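Asks: Here is my input; please provide its structure:
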Amino acid sequence: MAWDLDLAGRMRGSGMKFNQIAVIFGLSPDTVHCRLDPDYRRKRADAKLARCQPVAPGFRRQDDRVTRAEFAARLAELPNDDRDLTARVLGDPVFARSAAAKAALRPAASNNITLPRLSILGDKIAGDNIPGDKMPRGNMAGGRR
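Replies: Just a heads-up that it's a prediction; the model follows:
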């Protein structure tokens, strides 16, 4: 006999046991139980998953599930992908995520870095004589002087 959920439900409602229904349909009692009782099916699936993939202590499996609303909200945060085929293949970033776009969003004052000018031994620009400097101050490219 082919499986009929409605007929199996009526048989279970009349007081038949899962193994009796299983014999009629040619299925295992566990299969019939899973098909007629969704809570039992979920409990069995969780037990099987726990045997196959152990979870670290302090964590539950359902904690990492995301609702459709949360998924839609996160998806809306992503910038539009306006790259051409070459940019996608070569791995160029989406412009909204690139360093140039992030630099454009920063205030102008933070783009310029100014360091104080340090003069340790004096400035050679003004022609100052630096103590210990024995090199002549002329063009040395011509040979002897």
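
Asks: show me where the protein has helices.
Replies: 5-13, 18-25, 29-36, 38-52, 68-77, 85-90, 99-105 (DSSP state H).

Asks: Just send those helices back as TSV, with mean pLDDT too.
Replies: TSV is the format used below for the helices of the chain (pLDDT from 0 to 100):
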stretch	mean pLDDT
helix 5-13	88
helix 18-25	90
helix 29-36	88
helix 38-52	82
helix 68-77	90
helix 85-90	92
helix 99-105	83
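
Asks: Turn the ones you listed into CSV, columns for mean neighbour count.
Replies: For every residue, glycine as well, the C-beta is placed using N, CA and C. Putting the helices of the chain into CSV (neighbours: other CB atoms under 10 Å) gives the following:
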stretch, mean neighbour count
helix 5-13, 13
helix 18-25, 16
helix 29-36, 17
helix 38-52, 11
helix 68-77, 9
helix 85-90, 10
helix 99-105, 10
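
Asks: Next one, pLDDT for residue 134 please.
Replies: The score at residue 134 is 60. That number is its pLDDT.

Asks: Same question for the one 10 residues further on.
Replies: Confidence per residue is given as pLDDT, and for residue 144 that number is 58.

Asks: how close does residue 52 get to residue 68?
Replies: Separation of residue 52 from residue 68 (CB to CB, to the nearest Å): 26 Å.

Asks: Check residue 49 too.
Replies: Counting by CB to CB, the gap from residue 49 to residue 68 is 22 Å.

Asks: what's stretch 73-83 in contact with?
Replies: Outside of stretch 73-83, the residues within contact range by CB atoms under 8 Å, 6 or more residues apart in numbering are 66, 88, 92, 94-97.

Asks: now for the residues you listed, which pair is the farthest apart?
Replies: Maximum pairwise distance among the contacts of stretch 73-83 (CB to CB): 28.8 Å, between 66 and 92.

Asks: returning to that earlier point: from the contacts of stretch 73-83, pick the one nearest residue 13.
Replies: Nearest member of the contacts of stretch 73-83 to residue 13, counting by CB to CB, is residue 66, at 37.3 Å.
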